[in-house]
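Asker: Provide a 3D model corresponding to the input given below.
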Amino acid sequence: MSSGKRPTGPRLRTRIGLVVAALAILVAAVVGVALITPTFIDDTGTDVALAPEPAPILPAPAVVPVSPDAPAPSPAGLQAVLTPALQNPDLGRFTGTVADAATGQVLWSVDADSPMTPASTTKILTAAAAMMALPADHRVTTKVVAGEAPGQVVLTGEGDPTLTAEPVGRPGFYDGGARIDDLAEQIRKTGTAVTSIAVDGSAYSGPSSAQGWFPADVAAGYIAPIEPVTLDGGRSVPTVDESPRSATPGLDAGRALARALGLDPAIVTDGRAQQGAGSLATVQSAPLRQRLSQMLGFSDNVLAEAVGREVAESQGGPASFDGATAAVLSVLTKNGVDVSGVVLEDTSGLSVDNLIPSRVLGQIVTTAAGGGGEQTLRPMLDYLPVAGATGTLAARYASGDRTAAGWLRAKTGTLSTASALAGYVVDQSGRVLTFALMSNDRPPEVGRPALDALASTLRSCGCT
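Answerer: Numbers count the residues shown, from 1 in each chain. The predicted structure follows:
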């Protein structure tokens, strides 16, 4: 323990000796004088030699492309290793498909045409349709316009739930999200004396929740009412994924704008912007490619519903649940995806009434991986969570059987009696395999480990 007194005597002299020795070494090195291994005297008076400096450790990157000549597994080989795994009763009602990413050939399947509850693997369809219909740099605008009454402004949005009220310098939930503070600053620069704020939610039509959703999911943190002006996906705690969601996201955004302007949130009401009203402030979302990465990586339901409406508007349809689901299926069909058997009530997968055959998921992921030479969907591969490392797969494959950790990327899906996994994996031969695996009629604590084990089997397979 230090006494707080200034050191004296031998200990001080030792420290002075060390400084002098260090300076001598430095000077000698500069003028090119050869030095012997330096020494110093420790507190006991013993000469102690300094060890020579170790050789530097240099990075040696080992991430390399898979070999195009890696042997593809045979259908018979896959059948032999997967059949025993399918005897696991924890899989419940199961469907699945496995394909060779390089050729697009389906190598193995079980009931691949049977429609199953897909849970959040529905987002694979939503992301694919968005990538096919919209440019990668597509952005969504939120703006404030002059209201009808003097001193009134209207907050209106096209559907950007990544907007945040967090101050500059503090992150919201979504990286790159636009900020309420920027809107407020732009308004102040116009010199407008704001006395009331209206929030215009007319960009979306139809109900704010989908068939097959449960009202309790709002408080549970899975979803918020789908409105075109929303902060941080409607989260009550902006940086906590599954924090309870707001029942009134549009009004909450208006109140945040009032606070940013130093006004009483009580001045906020619902309203409509006038046709041709003058713009006072405008902000834009991050590009679509960044939002798709966030949507798939963290399985963000509110963001998926917003992206679905972007697809609907690109096709001239209404920004509603019906418009979004119809547009997603239409875009996929136009681009050669066989969507027979698909039933969609939403574009996030939260609805228990959605149905998708594993064949459809498998076809989309295989197309993204290059099967057939199509490149439009290729960026989707980078958006998928990494087993044992990122997003919704961070805690899976992180302990226990880590066979597929780092080698598998996939979109997860989880509901009360449904689990699904759709993505790709590199097998032991260095071949990329795409897969879609779906389990119904089992709770996730049972079905998910069974699917994870099945996917690990693909990683450990060298089934040529």
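
Asker: which residues touch the closest residue to Asp441 other than its chain neighbours?
Answerer: Nearest non-adjacent residue to Asp441, counting by C-beta to C-beta, 6 or more residues apart in numbering: Gly92, 4.1 Å away. (Glycine included, C-beta is placed from N, CA and C.) Applying C-beta atoms under 8 Å, 6 or more residues apart in numbering to Gly92 gives the contacts Ser439, Asn440, Asp441, Arg442, Val446, Gly447.

Asker: what's the answer for Pro75, then?
Answerer: Taking C-beta under 8 Å, 6+ apart, we find Pro75 in contact with Leu107, Trp108.

Asker: Gln290 reaches Gly176, doesn't it?
Answerer: Yes: contact criterion C-beta atoms under 8 Å: Gln290 and Gly176 qualify, at 5.5 Å.

Asker: now the residue nearest to Val386 when sequence neighbours are not counted, what's its secondary structure?
Answerer: Nearest non-adjacent residue to Val386, counting by C-beta to C-beta, 6+ apart: Arg409, 5.4 Å away. For Arg409, the assignment made with DSSP: H, G, I helix; E, B strand; the rest coil gives strand.

Asker: count of residues packed around Arg409?
Answerer: When neighbours are defined as other C-beta atoms under 10 Å, Arg409 has 24 of them.

Asker: isn't it right up against Gly388?
Answerer: No: judged on C-beta under 8 Å, Arg409 makes no contact with Gly388 at a distance of 10.8 Å.

Asker: can you count the residues close to the closest residue to Arg378 other than its chain neighbours?
Answerer: Distance criterion C-beta to C-beta, 6+ apart; nearest residue to Arg378, sequence neighbours excluded, is Ala368 at 5.9 Å. Ala368 has 27 neighbours, counted by other C-beta under 10 Å.

Asker: repeat that for Ala178.
Answerer: When neighbours are defined as other C-beta under 10 Å, Ala178 has 23 of them.

Asker: and Pro444, by the same measure?
Answerer: 18.

Asker: correct me if wrong: Ala130 contacts Arg289.
Answerer: No: if you go by C-beta under 8 Å, Ala130 and Arg289 don't touch, sitting 9.6 Å apart.

Asker: between those two, which is the more surrounded one?
Answerer: Relative neighbour count places Ala130 above the other of Ala130 and Arg289, with 28 against 18, counting by other C-beta under 10 Å.

Asker: how near is the more buried one to Ala405?
Answerer: Distance, Ala130 to Ala405, by C-beta to C-beta, to the nearest Å: 29 Å.

Asker: which stretches of the stretch 51-200 of the chain have low pLDDT?
Answerer: 61-63 (pLDDT under 70).

Asker: now the helices: where do they sit in it?
Answerer: Shown for the stretch 51-200 of the chain, the helices assigned by DSSP state H, counting those that start in this stretch span residues 75-85, 122-133, 180-190.

Asker: list the buried ones in the last one?
Answerer: So the one you mean is helix 180-190. For helix 180-190, a neighbour-count test (16 or more other C-beta atoms under 10 Å) marks Ile180, Asp181, Asp182, Leu183, Ala184, Gln186, Ile187 as buried.

Asker: format these as CSV; extra columns: distance to Leu355.
Answerer: Converted to CSV, those look like this (distance: C-beta to C-beta, whole Å):
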residue, distance to Leu355
Ile180, 39
Asp181, 43
Asp182, 42
Leu183, 41
Ala184, 45
Gln186, 46
Ile187, 47
